[in-house]
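Engineer: This is a predicted model, with the sequence first.
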Amino acid sequence: MTYCDVYLGRLDDPSFSWDEGDWNGNIPIRRSPFFPLAGLGYAALFRVIHRIEEGKYDGKQTDWGGWVARVTRMEVIELIRDLHVGNGLYTSDTSPHLKQELRDLLRYVLTLDPEETIALVASEL
């Protein structure tokens with residue numbers, strides 16, 4: 001079974017290298033709650049990868065199953081909004097459990113410095 005995770009990490013994570021990683025687990029460790037998957041496990045992962053590939057995010061593939069984008073807090077909020085409205089991933093029909101996960105993620109995102117660049121990680125294991 002494949003696991004798809006999207007989360008936020010730190011670009012200065014000592015276990016991660018933007019330019020010289022060995023593609024053997026070269027993604028930042030998780031600092032945020034996971035993006036809720038809402039039964040559409042690949043939706044958030046593919047949205048991040050697509051935005052990297054189209055140049056909307058400053059990012060790249062840093063591991064066999066890992067992509068990292070350098071983003072701001074506002075870009076993360078816009079991604080969550082897009083997943084909610086544009087993709088229907090997080091809707092009014094979302095379960096209470098997933099709604100709580102989304103609230104926890106948003107609470108974390110709002111604690112971030114609006115001027116800081118953070119790592120948006122999309123991982124497929």
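Structural biologist: Received it, and whenever you're ready, just let me know what you need. Keep in mind that this is a model prediction, so the values were computed, not measured.

Engineer: Surely D19 forms part of a strand?
Structural biologist: No - applying DSSP: H, G, I helix; E, B strand; the rest coil, one finds D19 to be coil, outside a strand.

Engineer: List the residues that contact it.
Structural biologist: Contact criterion Cβ atoms under 8 Å, 6 or more residues apart in numbering gives no residues in contact with D19. Backbone N, C-alpha and C define where each C-beta goes, glycine included.

Engineer: Tell me where the chain has helices.
Structural biologist: Assigned by DSSP state H, the helices in the chain fall at 42-53, 73-85, 96-110.

Engineer: just so I know, which of those lies nearest T62?
Structural biologist: Nearest to T62, of all the helices of the chain, is helix 42-53, at 10.4 Å by Cβ to Cβ.

Engineer: Around T2, how many other residues sit close by?
Structural biologist: 9 (other Cβ atoms under 10 Å).

Engineer: Quick check: chain neighbours aside, which residue is closest to it?
Structural biologist: Nearest in space to T2, with sequence neighbours left out and distances taken as Cβ to Cβ, 6 or more residues apart in numbering, is E124 at 6.0 Å.

Engineer: The one you found and D63 touch, don't they?
Structural biologist: No - judged on Cβ atoms under 8 Å, E124 makes no contact with D63 at a distance of 9.5 Å.
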